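>>> Following is a predicted model, sequence given first.
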Amino acid sequence: MKSLYAFIGCLLLTGIAAAQEKDLTDSVRTVLLQEVTVAAQQRGQQQHLYRYFTANKAATTEDIMARIPELSLVRRGSYGMEPIIRSFNSNQVALLLDGMRIHGACTDKMDPTSIYIEPVNLNSMEVRTNGSSLLVGSSVGGSINMKLAEASCHDEGRFSGSASTGYHSASRAFFSSANFNYATSRFGLRATGTYRNSGAYRDGSGQRVPFSQYEKVNYTLHGKLKLNDGAYLRVDLLADDGWNIGYPALPMDVGYANARIGSVTFVQESGWRGWERAEAKLYANRVKHYMDDTKRPAVPMHMDMPGVSRTSGMYAEAVRSLGVGQKLQLRADASATMLKASMTMYQPGQPDMYMLTWPDNRQVQGGVAAQYQLRIDSATQVQVSGRVDVTDYALTSQGGKDQLAVFGYSGEQMGFVIPALSVQVSRKLFPSLKASFSLGMNGRAPSAGELFGFYLFNQFDGHDYIGNTKLRKEIGQQAELTLSWQQQKWKVQASGYISKVRHYIFGKINPGLSVMTPGARGVKTYENTAQALLAGGEGSVVYQPFSGTQLVSTLKYAHAQDNTGNPLPLIAPLRNISTLRQHFNALWLQAEMELAAAQRRVSVAANERSTGAFSLVHLRAGYQLQQGRVLWQLNAGVENILDAYYREHLDWGNIARPGRNVYMQVSVGF
Amino acid sequence: MNRYFSLITAAVITLLFIGCAKDNMEPNKDTNDALKIAEGYAIGAGVQVQLYAAAPLTTGYNFVSIALTDSVSGQSIEEAAITLMPMMDMGTMKHSAPVENPASKASNKRFNGALVFTMPSGSMGSWAVEVTVTVNGRQGKATLPVAITEPRQNKLKSFVSKVDNKKYWLALVQPTAPKVGVNDLELAIYEAKGMMAFPADSSLAVAVTPEMPTMGHGSPNNIDPVHTGKGHYKGKVNFTMTGLWYLNLNFKKGDAVADNATFFEVNF
Ligand SMILES: [Cu+2]
Ligand SMILES: [Cu+2]
């Protein structure tokens, strides 16, 4: 343990020399969803898609993510959909908020970090697939980093802001948000607030889906202070409170879920001793989650399931040029997470039945990473990235240790050292055709739930899950090829990948154990299976036949199997989204079609059901009116016009998605 | 800029240490302060006899300790032969109960043994413990009246073997402080040979199956108790949560089931 602290100490000292990506070239297989670059770079296809879909101001963060071909959403209710990359599960994907690690406090994954981001406070989203994600963390499936909108400074002091309100008919939902900014040449302040209140929605058969309601508020406060030439300090605070959140696909709902997230960031933007840019962030957050089943009918035994997570951490990164066409980026990060979740069941006349579902534990993580870019000639670029990550877990209460001793835990060390390396080569093969190839190796430590989970009921396959303190790390090896073809009216991009995950962690039926949850079908224990194979591809086409007209179409397909050749669960089927948008001065109209093939390749081991094909048609429109400094924006549309009754393959339970939905949103900015 | 970085570095290190250096300490349960239950005089031996226990005596298995004092010199006696004999006087009849007699050498000036009371005292009758002491060839007997109550949770059962019709007393020795996790399981089993003789048994094969009756589940990885000496059978029992548990027991003699209907309740 001591050596780990020493290691982290070293990391932090290395932090002085640490790194931020300044100029992501599109040769890197990074789906950078909005330009954060300073230097003008050729726009990547994904950046284009992201900007295209955010033009609909009524779109939620989840709506946008659902349209990025690399991403899918696992859904358990209308709130808290869990973003994943390709066919990797959420334990394999690093989901970061402004570079910060935040651990959910829900043992049932009802609270992915993405719920704390409202469109009003989302600045950009970076999706990195396996090869390039190792700079920000060890994962086998890549990383999603949602960047917070920040306060800004202006030479002439000014006050600005916007407010918007919207309504969705299917769920009778009201969404309202506002933001206010005050900027001077020396400091900036920004405050945002969002309130969402959604009823149970109506599905395509006209039925209300019980327990699909939710209500939440989200507040942020951002400050920015210029220190001296090129250096500034940022302070960002975020509070999110949700309550009465229904999860129709789960046996429990959420009484309340709240998060408090804070960070202080130091940024040096102009050169300092040869470093072009440096950034260091110190952060802390706390998430509380309280599951509740008091509103469910016919619950044989009422239970409470509260959980809490606390994380504090830092990262530091810096970038420097090493001469013509060479660039070096360094990053160091460290974090500590404390987790606890419990369950109490009540039977009148008897003592409460209490157990720890996540026995008190802490995870300490530290890593150093470097990335070297070399432009060999005007057509060829090579990038080499490496990382070493150390993760150490420990149980922190005697009660937790005692409880896991039932499954043979005897104080063993749970430390993981994860080296990662990736090489990417990109080359312009023809003036309009570019190819990029990457090979990478990365890994991940098991999650706290996979190590320590104690009879966690999983509604998806109906099994109680038991953690395994003897799990080994997962190791991912991935190859990826991307071709992009660009002409004046056409932009086409296609990617193919194949990933081998060794020691793939999967719940295996443990016939020696009996169920704890009444009605469960069996008990599964997490085990390292020999390996899993994940492969697939994404394609996208942007066609602009005339100015003001854009056709965007995306396609994705994935295949994933375990070591015996059986399909893995939750693999999205072949899926296509096509949109046609026409601009008329201040007005735009858009027709959208979503097609999904059936998914019949299902995991028998996970009792997965197959899903039928479906097609959806949406119509959207946007209108802008500028009156002096005041900008009015009206967005309206009809989603699922044909009132299709459908569910997506990554939706848990046999719960249909919303039927026809008319939405409208008005916003005013000044 | 260096300044900021070192500041942040120092802050993070502090933060991480505060965050993770907390290690919980379990309080040590102090059981040495025994409760004095009764005292008396063993006339022929010239010895003052004191009976101690950790808590008031109850039906079931009780650890007890005896302190002997020379009534002339007032010195503690470190070596003696002690025989315990609990007696219940029910008016029309008398009976005894299983015991574990102490060793002849005291440890920390105490002679440790056990008394297994088979019923509470009350209107049915009253208990006394006869302590026969032999010190330096002199023997005497002290009779110590004791009050036996029914514990909050039943720690004593009996069954009649289906194999040979013998009656057995079954005392739950451990767990005394059940917790979620792995618990020591200890049973003391005595055969009831008439009213006065209760020899320790070592002939049974015991299997334990914990069950949470309210939820209908059990617990994994339990270890069936096996005989370790003096009628004591030791194993492990696991509880996965607090609440009411049944320890279902199955007794076999050879391959034949002697009893499979007995269980203890554990409630915590
Ligand atoms: Cu939850
Ligand atoms: Cu239970």
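It's in. Ligands and ions are numbered 1, 2, ... in the order given.

>>> make it CA atoms for all contacts and neighbour counts henceforth
OK.

>>> For the stretch 551-670 of chain A, which segments are assigned as strands?
Using DSSP state E, counting those that start in this stretch, the strands found in the stretch 551-670 of chain A span residues A:575-584, A:587-596, A:614-627, A:630-639, A:661-669.

>>> Now do the fourth one, average pLDDT.
I take that to be strand A:630-639. With pLDDT averaged residue by residue, strand A:630-639 scores 96.

>>> what about the residue of the stretch 151-268 of chain B found nearest chain A, how many residues close to it?
Among the residues of the stretch 151-268 of chain B, B:Gly181 lies closest to chain A, at 4.1 Å counting by C-alpha to the nearest C-alpha. Residues near B:Gly181, counting by other C-alpha atoms under 10 Å in any protein chain shown, number 23.

>>> A:Thr311 bridge partners, please.
Taking DSSP bridges as the rule, A:Thr311 bridges to A:Asn285, A:Thr337.

>>> For it, give me its contacts.
A:Thr311 is in contact with A:101-103, A:284-286, A:335-338, counting by C-alpha atoms under 8 Å, 6 or more residues apart in numbering or on different chains.

>>> just so I have it, where are all the strands in the stretch 101-250 of chain B?
Ranges of strands within the stretch 101-250 of chain B are B:111-117, B:126-135, B:138-146, B:156-160, B:167-174, B:181-191, B:205-211, B:223-229, B:232-239, B:244-253, based on DSSP E, counting those that start in this stretch.

>>> Please render those strands as JSON lines that adds distance to ligand 1 to the earlier fields.
What follows is these, written out as JSON lines (distance: least, C-alpha to the ion, whole Å):
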{"stretch": "strand B:111-117", "distance to ligand 1": "49"}
{"stretch": "strand B:126-135", "distance to ligand 1": "56"}
{"stretch": "strand B:138-146", "distance to ligand 1": "55"}
{"stretch": "strand B:156-160", "distance to ligand 1": "43"}
{"stretch": "strand B:167-174", "distance to ligand 1": "37"}
{"stretch": "strand B:181-191", "distance to ligand 1": "25"}
{"stretch": "strand B:205-211", "distance to ligand 1": "27"}
{"stretch": "strand B:223-229", "distance to ligand 1": "34"}
{"stretch": "strand B:232-239", "distance to ligand 1": "24"}
{"stretch": "strand B:244-253", "distance to ligand 1": "26"}
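
>>> Find the least confident helix or strand in chain A, judged by mean pLDDT.
When the helices and strands of chain A are compared on mean pLDDT, DSSP states H and E, strand A:30-32 comes out lowest with a mean of 40.

>>> immediately after that strand, which helix or strand?
helix A:45-54 (DSSP states H and E).

>>> List the buried residues in stretch B:101-111.
Using 16 or more other C-alpha atoms under 10 Å in any protein chain shown as the test for burial, stretch B:101-111 gives B:101-102, B:104-106, B:109-111.

>>> before we move on, back to that, from memory the residue of the stretch 151-268 of chain B closest to chain A sits against A:Gln398, does it?
No. B:Gly181 lies out of contact with A:Gln398 (C-alpha atoms under 8 Å); the separation is 9.9 Å.

>>> what is A:Gln582 paired to in the beta sheet?
Here A:Gln582, judged by DSSP bridges, has bridge partners A:Thr549, A:Leu589.

>>> I'd say it and A:Leu619 touch.
No. Using C-alpha under 8 Å, A:Gln582 is not in contact with A:Leu619, being 11.8 Å away.

>>> which residues do those two both contact?
Residues touching both A:Gln582 and A:Leu619 by C-alpha under 8 Å, 6+ apart: A:589-590.

>>> Show me what from the stretch 51-200 of chain B comes close to chain A.
Within the stretch 51-200 of chain B, the positions lying close to chain A (C-alpha under 8 Å from any C-alpha of the partner chain) are B:180-182.

>>> Mind putting those residues into CSV with pLDDT?
Output for these, formatted as CSV (pLDDT from 0 to 100):
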residue, pLDDT
B:Val180, 96
B:Gly181, 96
B:Val182, 96
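
>>> I'd like the strands of the stretch 101-250 of chain B as a markdown table, with distance to A:Gln46 appended.
Shown next, in a markdown table, are those (distance: least, C-alpha to C-alpha, whole Å):
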| stretch | distance to A:Gln46 |
| --- | --- |
| strand B:111-117 | 78 |
| strand B:126-135 | 87 |
| strand B:138-146 | 85 |
| strand B:156-160 | 73 |
| strand B:167-174 | 65 |
| strand B:181-191 | 51 |
| strand B:205-211 | 56 |
| strand B:223-229 | 59 |
| strand B:232-239 | 53 |
| strand B:244-253 | 57 |
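
>>> how near is whichever residue of the stretch 151-268 of chain B sits closest to ligand 1 to A:Leu356?
Nearest residue of the stretch 151-268 of chain B to ligand 1 (C-alpha to the ion) works out as B:Met241 at 19.6 Å. Separation of B:Met241 from A:Leu356 (C-alpha to C-alpha, to the nearest Å): 8 Å.

>>> Now the closest residue to chain B within chain A: phi and psi?
Nearest residue of chain A to chain B (C-alpha to the nearest C-alpha) works out as A:Gln403 at 4.1 Å. Dihedral angles phi and psi of A:Gln403 (degrees, to the nearest 10) take the values phi -60, psi -40.
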